[in-house]
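A.B. asks: Take a look and give me a structure for this.
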Amino acid sequence: ALKNANSQRNDVYQISDFQRNIVDYKNDTSYKVYLLPLEAVEQQNVYIDSVWFESPARILNQTNKLLVRLKNSGDKAVENSRITLNINGSQKSVKNFSIEAGKSLTDSLNFSVTNAGWQNCELLIEDYPITFDDSYYFAFEVAQQLNVLAINESGFSKYLNVLFNESRHFTFNNQNITQIDYGNLTKNQLVILNGLRSIPSGLAAALQSYVTEGGNLLVFPNGEIDRDSYNTFLSGLNVNNYGEKFSERREVGQVNTHSAVFNDVFEKISTNMDLPFASGGYDMTSYSQADEEPLLSFRGGRVLMSSYSSGNGRVYLCASPLDTKYSNLPAHALFVPMVYKIAVLGSNKHQIAYTIGKNEVVELDNKSDKKDVAFKLKGKKEEFIPTQRNVSNKLILNLDQQIKIADNYQLYMEENKPLYSLGFNYDRQESDLSFYTNTQLREQYAAYPNVKFLENRSNLPEIVGKFNRGVELWKWCLLIALGALLIETLLLRFWKN
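C.D. replies: Model prediction:
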């Protein structure tokens, strides 16, 4: 703004308490900068910094663990304060916490969700006198049912049928490779390729688009695959490829309990635990760009099952077919929780919280087939129609700084039928109430000769007035005029004499 101003003055007056999180030390030597530090009063402030879930999956009627990071920016410890979690207006969890001065704390709250749909959440603490950061809004969806599609070639899998058809949480659909409903592919939280000999180019293109836009794909190969067809498809997803076949018995020696798939399956793994084995399948060739997370590893380092990040989605690749002729995995106790968790993980893809002023562009899945529809964002105290555009299957919202109040906002296409809930919070940058001292500021600006410090705070109105009015020349003009008038009078008087 200063560079664009039509002004001959290059003086900048900065009057501030110089809060640490806000001060920017970028210096423009074309200006003379005058700093007037105000005396800041250090205040106590405990605030909710951020929240996240221990597991990416939120499951109906099961315990969910929410992790909360709290910070104390004051110089006094806080003892036995309380944090409360409200969901859809009902209190779900309460916990006491204590936090040392100047420290942060990560705590957890356990809760369960009994009703499907969007969950509008608010975390609350009690802290004075700074209160704007004592609440934290976030939202997530728990689906009533998840859609799972299995694409088969020679026949259906009885193991998949039993797993999904006996659970009320899933809508399971089998389709033959020659009868795929491509139009509804993106409506599935998980797509399973079961025993395909090759991947046709049309299916490969549809699945690559599906994964790139956030879908989850689970692959069980055929016992006799067209490796060129498979690996062309897998390379397009940036995941490992199928290599040479193996036929010797290989036993799983490691389960990755740190992965999202298995992190809550076992309480403890004993050294003599019965783990799956495979007696046939394919070695996985390493792909340099693959973001691989092994899930089940054979003794010796080869992998039976791995997970890969691909685009906005994930690919799960098994080395053996879904057939007990090649592996006992389909009949093993690990199979059900593993595939169940993979399916559930595909249902939680959206950001749970946003920051006002920072997250001005929001990308969501477009749940409407209608064109030229105006979506509306509505909170408790304000509502507006954001700038919006459709890109492929995505809805892009540009908020244009229209959100001013922290709250949970619902996105509507039709009244009383919210499509999404979005939690917006105030920026926590100003929550850390620590300030630079005069000595620290002088050290920071010591190398800048164009920066000066104004010591006298009592003449603040005069400083601001001079800055607004510029250089005042009228007094000098008046004195010159009076002086000239005096000289003229004297000359007229004494010239006659």
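A.B. asks: Quick check: N10 touching S30?
C.D. replies: Yes. At 6.3 Å, N10 counts as touching S30 under the criterion of C-beta atoms under 8 Å. Bear in mind the C-beta positions are built from the backbone N, C-alpha and C, glycine included.
A.B. asks: what's near enough to touch L217?
C.D. replies: Going by C-beta atoms under 8 Å, 6 or more residues apart in numbering, L217 touches L190, V191, I192, L193, L207, Y210, V211, L237, G313, R314, V315, Y316.
A.B. asks: Mark which of those are part of helices, please.
C.D. replies: If you go by DSSP state H, the contacts of L217 have L207, Y210, V211 in helices.
A.B. asks: now, which of those sits nearest P129?
C.D. replies: V211 (50.1 Å; C-beta to C-beta).
A.B. asks: measure the nearest residue to E224 once chain neighbours are set aside to L203 for me?
C.D. replies: Leaving aside its chain neighbours, E224 sits nearest to R197 (6.4 Å; criterion: C-beta to C-beta, 6 or more residues apart in numbering). Noted for R197: a distance of 12 Å to L203, by C-beta to C-beta, to the nearest Å.
A.B. asks: can you check I15 too?
C.D. replies: For I15, the distance to L203 - C-beta to C-beta - is 65 Å.
A.B. asks: pretty sure C318 is touching Y242, no?
C.D. replies: No. Under the criterion of C-beta under 8 Å, C318 is not in contact with Y242, lying 10.3 Å apart.
A.B. asks: So between the two, which is more surrounded?
C.D. replies: Applying other C-beta atoms under 10 Å to C318 and Y242 shows that C318 carries more neighbours, namely 25 against 20.
A.B. asks: Among the ones in helices among the contacts of L217, the buried ones, what's the ChimeraX command?
C.D. replies: With 16 or more other C-beta atoms under 10 Å as the criterion, this ChimeraX line picks the buried residues out of the ones in helices among the contacts of L217:
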select :207,210,211
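A.B. asks: And the ones in helices among the contacts of L217, which is closest to V94?
C.D. replies: Of those, the one sitting nearest to V94 (C-beta to C-beta) turns out to be V211, at 40.8 Å.
A.B. asks: Please report how far that closest one lies from N176.
C.D. replies: From V211 over to N176 (counting by C-beta to C-beta), the distance is 21 Å.
A.B. asks: Neighbours of S157, how many?
C.D. replies: Count around S157 with other C-beta under 10 Å applied: 19.
A.B. asks: which ones are touching it?
C.D. replies: So S157 contacts A150, N194, G195, L322, P330 (C-beta under 8 Å, 6+ apart).
A.B. asks: Same list (these) but as TSV, adding pLDDT, secondary structure and distance to S286.
C.D. replies: Output for the contacts of S157, formatted as TSV (pLDDT from 0 to 100; DSSP: H, G, I helix; E, B strand; the rest coil; distance: C-beta to C-beta, whole Å):
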residue	pLDDT	secondary structure	distance to S286
A150	96	strand	28
N194	96	strand	25
G195	95	strand	25
L322	96	coil	24
P330	95	helix	26
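A.B. asks: contacting residues around the residue nearest to E224?
C.D. replies: E153, N222, E224, I225, D226.
A.B. asks: Wait, the first one touches I180, no?
C.D. replies: So that's E153. No. Assessed by C-beta under 8 Å, E153 is found out of contact with I180, at 11.3 Å.
A.B. asks: circling back: ok, N10 and S30, which is more surrounded?
C.D. replies: N10 (12 against 9).
A.B. asks: How about that one: what's its closest non-neighbour residue?
C.D. replies: Y31 (4.9 Å).
A.B. asks: ok, so what distance separates that neighbour from V211?
C.D. replies: Distance from Y31 to V211, by C-beta to C-beta: 52 Å.
A.B. asks: ok, now L109?
C.D. replies: According to C-beta to C-beta, L109 and V211 sit 33 Å apart.
A.B. asks: So what's the residue count around E54?
C.D. replies: Neighbours around E54, by other C-beta under 10 Å: 14.
A.B. asks: residues in contact with it?
C.D. replies: So E54 contacts K65, L66, L67, S108, N263 (C-beta under 8 Å, 6+ apart).
A.B. asks: So the first one sits against N110, correct?
C.D. replies: Yes. In terms of C-beta under 8 Å, K65 counts as a neighbour of N110; the distance is 5.6 Å.
A.B. asks: right, and the residue nearest to N10 touches Y13 too?
C.D. replies: No. Y31 lies out of contact with Y13 (C-beta under 8 Å); the separation is 10.4 Å.
A.B. asks: where does the stretch 51-200 of the chain have low pLDDT?
C.D. replies: Nowhere does the stretch 51-200 of the chain drop to pLDDT under 70.
A.B. asks: So which residues of this protein form helices?
C.D. replies: 158-165, 201-212, 227-236, 335-345, 438-444, 460-469, 474-496.
A.B. asks: tally of neighbours for N173?
C.D. replies: N173 has 14 nearby residues by other C-beta under 10 Å.
A.B. asks: scratch that, L149 is what I was asking about
C.D. replies: 20.
A.B. asks: Mind listing the residues bridging to it?
C.D. replies: Listed by DSSP bridges, the beta-bridge partners for L149 are N173, V191.
A.B. asks: List the buried residues for stretch 217-233?
C.D. replies: L217, L218, V219, F220, P221, N222, I225, R227, S229, Y230, N231, F233.
A.B. asks: related to what we said a few turns ago, wait, what's in contact with the residue nearest to N10?
C.D. replies: L2, N10, D11, V12, N450 are the contacts of Y31 under C-beta under 8 Å, 6+ apart.
A.B. asks: Can I get the residues you listed in TSV including distance to F172 and pLDDT?
C.D. replies: Shown next, in TSV, are the contacts of Y31 (distance: C-beta to C-beta, whole Å; pLDDT from 0 to 100):
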residue	distance to F172	pLDDT
L2	63	48
N10	71	70
D11	72	71
V12	66	73
N450	70	78
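A.B. asks: just the strands in the stretch 301-450 of the chain please.
C.D. replies: 303-310, 313-318, 354-355, 361-365, 376-378, 383-384, 387-391, 394-398, 407-414, 417-425 (DSSP state E, counting those that start in this stretch).
A.B. asks: just checking, N174 touches G155?
C.D. replies: No. N174 lies out of contact with G155 (C-beta under 8 Å); the separation is 9.4 Å.
A.B. asks: Comparing those two, which residue is more hemmed in?
C.D. replies: Set N174 next to G155 and count neighbours by other C-beta under 10 Å: N174 wins out with 18 against 10.
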